[in-house]
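**Q** what's the 3D shape of this:
(chains A, B, C and D)
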Number of protein chains: 2
Amino acid sequence: MCPEQAHIPRRESGDERRIAIAHAARALIIEKGLEGLRTRDIAERVGINIATLHYHVPSKEALVALVAASLRDDFKAQALRHPKEGLDAGAQLRQEFNEFREIVAEMPELIGVLSELVDLSRRDPTIAEIILPMQAYWTGQFTKIFRTGIEDGSFRPDIDPAGAAIIVTAALSDCWRPHRRPSLEPVIAELERAFFLPVSNQG
Amino acid sequence: MCPEQAHIPRRESGDERRIAIAHAARALIIEKGLEGLRTRDIAERVGINIATLHYHVPSKEALVALVAASLRDDFKAQALRHPKEGLDAGAQLRQEFNEFREIVAEMPELIGVLSELVDLSRRDPTIAEIILPMQAYWTGQFTKIFRTGIEDGSFRPDIDPAGAAIIVTAALSDCWRPHRRPSLEPVIAELERAFFLPVSNQG
DNA sequence: CATTTTCTCAATCAAATGATTGATTGATGA
DNA sequence: TCATCAATCAATCATTTGATTGAGAAAATG
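**A** Numbering: from 1, shown residues only, chains lettered A, B, ... in the order given. Got it, this is the predicted structure:
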């Protein structure tokens, strides 16, 4: 009767499974690209049958949408972990840079998958609905920071906040790519010089 | 004798066919993404049989490499069309911006396909061998321009040429995406303000 | 305990897809 | 005129791949 079945495949709850599936999918998108993403590979990495995967996530389309939502949740959680109230514009900008450093260090796949899904958004409205607002939010954060920084005189007065925000997010995203990774710090430094007002006694 | 047979399936030379295949593939990569690229679709768009396509390009891998090489050739041709000898650094930078405007206007798919292949380079050494040097060349052009512009005093003296070059290429590439396209001019303007020295009578 | 719900898998399907085969056509040159 | 070769296609193959079916085990519910 074997009261102790050593190998009992621990039964996960639906949410846990879906999170595990999303994370496996993210890793596989980085490894093989969106064009190399296979439901079988995901199931194998999670350690479940393909049918089980389809039980939790009905279709591949839904699966990619799940990945998109998972990115959004991680981004949101990360932003909430670093409140920016009470900081001046300069400190807020440096805070954003630090958050990006943290993402690159702790969730390196996040930016890469995001960039693939931004491309996909061009052709897939379902994904666009999740990804574009997230990207707009990130750019918007920088726009706000630049606006207040111009007002309080810590940034160059002739900055176009929206344009500068695109430059910053584009440059940071670009530095995610492995062959650009070593350039992250020089690029951040150059961004600071490009927007901060030159103050002799700044630091 | 019917000297004009309206429907004769004109027989193309190998090179012509390969060029046509590369262009069809480029268009399809933009429409469906790398993950949606199908050899059948390419053959259909060129107007040939799949077997004929495989006669000219042995495998799908070779086909993507062909696309990469075709991008490189177009880039090279475009660069040669705009000689930069004799221009000062400021004019050279504006010249580069104009070249980019021209690419966006006349070969809008070029930047998009390039960006997909840069991603692919992370996983495919064959593609990396073609694409990364091309990307490095483009960045290198900006690096040189910044170096000379610092020396002749038209640019901010504390610019890090390599970092600034990455910022510029990343920002321009980002503005290729359709939802960013309207931001191209503001971004270019902001890039100029970020690197040119403020001169009251500059024009 | 009985019933229901949740979760899991082996087996299988149907379509998609990259690639090949074997034959045909037209041009070129000897 | 005939042999050769580049270019082309219809038909077909072998896998891959997203998805389904039907059955069963574990947990929750009553």
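**Q** low pLDDT regions in chain A?
**A** Low-confidence segments of chain A (pLDDT under 70): A:1-14, A:199-203.
**Q** domain ranges for it?
**A** Domain assignment for chain A by automatic domain parsing gives A:1-58, A:69-195.
**Q** tell me the gap between the first one and the middle of its chain.
**A** With CA atoms, centre = their mean, to the nearest Å as the basis, domain A:1-58 stands 22 Å off its chain's centre.
**Q** and if you look at the longest one?
**A** Shown here is domain A:69-195, whose average C-alpha point lies 9 Å from the average C-alpha point of the whole chain (CA atoms, centre = their mean).
**Q** how about the domains of chain A in a markdown table, adding mean neighbour count?
**A** In short, each C-beta sits where N, CA and C put it, glycine included. Listed next are the domains of chain A as a markdown table, based on neighbours: other CB atoms under 10 Å in any protein chain shown:
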| stretch | mean neighbour count |
| --- | --- |
| domain A:1-58 | 14 |
| domain A:69-195 | 18 |
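**Q** any chance of these in a markdown table, plus distance to residue B:66?
**A** Shown next, in a markdown table, are the domains of chain A (distance: least, CB to CB, whole Å):
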| stretch | distance to residue B:66 |
| --- | --- |
| domain A:1-58 | 17 |
| domain A:69-195 | 21 |
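**Q** can you lay out these as TSV showing distance to DNA strand C?
**A** Output for the domains of chain A, formatted as TSV (distance: least, CB to the nearest atom of the strand, whole Å):
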stretch	distance to DNA strand C
domain A:1-58	3
domain A:69-195	14
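**Q** which residues sit against stretch A:73-93?
**A** With contact meaning CB atoms under 8 Å, 6 or more residues apart in numbering or on different chains, stretch A:73-93 is reached by A:95, A:98-99, A:102-103, A:107, A:110, A:134, A:138, A:141-142, A:145-146, A:148-149, A:152, A:154-155, A:192, A:195-196.
**Q** now, those that are in strands?
**A** The members of these all map outside strands under DSSP state E.
**Q** tell me which of those fall in helices.
**A** If you go by DSSP state H, these have A:95, A:98-99, A:102-103, A:110, A:134, A:138, A:141-142, A:145-146, A:148-149, A:192, A:195 in helices.
**Q** filter those residues down to the ones near chain B?
**A** Among these, the ones lying near chain B by CB under 8 Å from any CB of the partner chain are residue A:195.
**Q** and which of the ones in helices among the contacts of stretch A:73-93 is nearest DNA strand D?
**A** Distances from DNA strand D to the ones in helices among the contacts of stretch A:73-93, taken as CB to the nearest atom of the strand, are shortest for residue A:110 (22.4 Å).
**Q** check the gap between that closest one and residue B:133 for me.
**A** 28 Å (CB to CB, to the nearest Å).
**Q** what of residue A:151?
**A** 45 Å.
**Q** in contact with the nearest residue to residue A:195 once chain neighbours are set aside, which residues?
**A** Excluding its sequence neighbours, the residue lying closest to residue A:195 (CB to CB, 6 or more residues apart in numbering or on different chains) is residue A:155, at 5.3 Å. Residues in contact with residue A:155 (CB under 8 Å, 6+ apart) are A:89-90, A:146, A:149, A:195-197.
**Q** quick revisit: now, which of the contacts of stretch A:73-93 lie close to DNA strand D?
**A** Applying CB under 7 Å from any atom of the strand, the subset of these adjacent to DNA strand D is empty.
**Q** ok, back up a step: of the contacts of residue A:155, which pair is most distant in space?
**A** Within the contacts of residue A:155, A:146 and A:197 form the most distant pair, 12.3 Å apart (CB to CB).
**Q** hang on, the earlier thing: list the beta-bridge partners for the residue nearest to residue A:195.
**A** residue A:196 (DSSP bridges).
**Q** which stretches in chain A count as helices?
**A** A:14-32, A:39-46, A:50-56, A:60-81, A:89-106, A:109-121, A:125-151, A:161-174, A:184-195.
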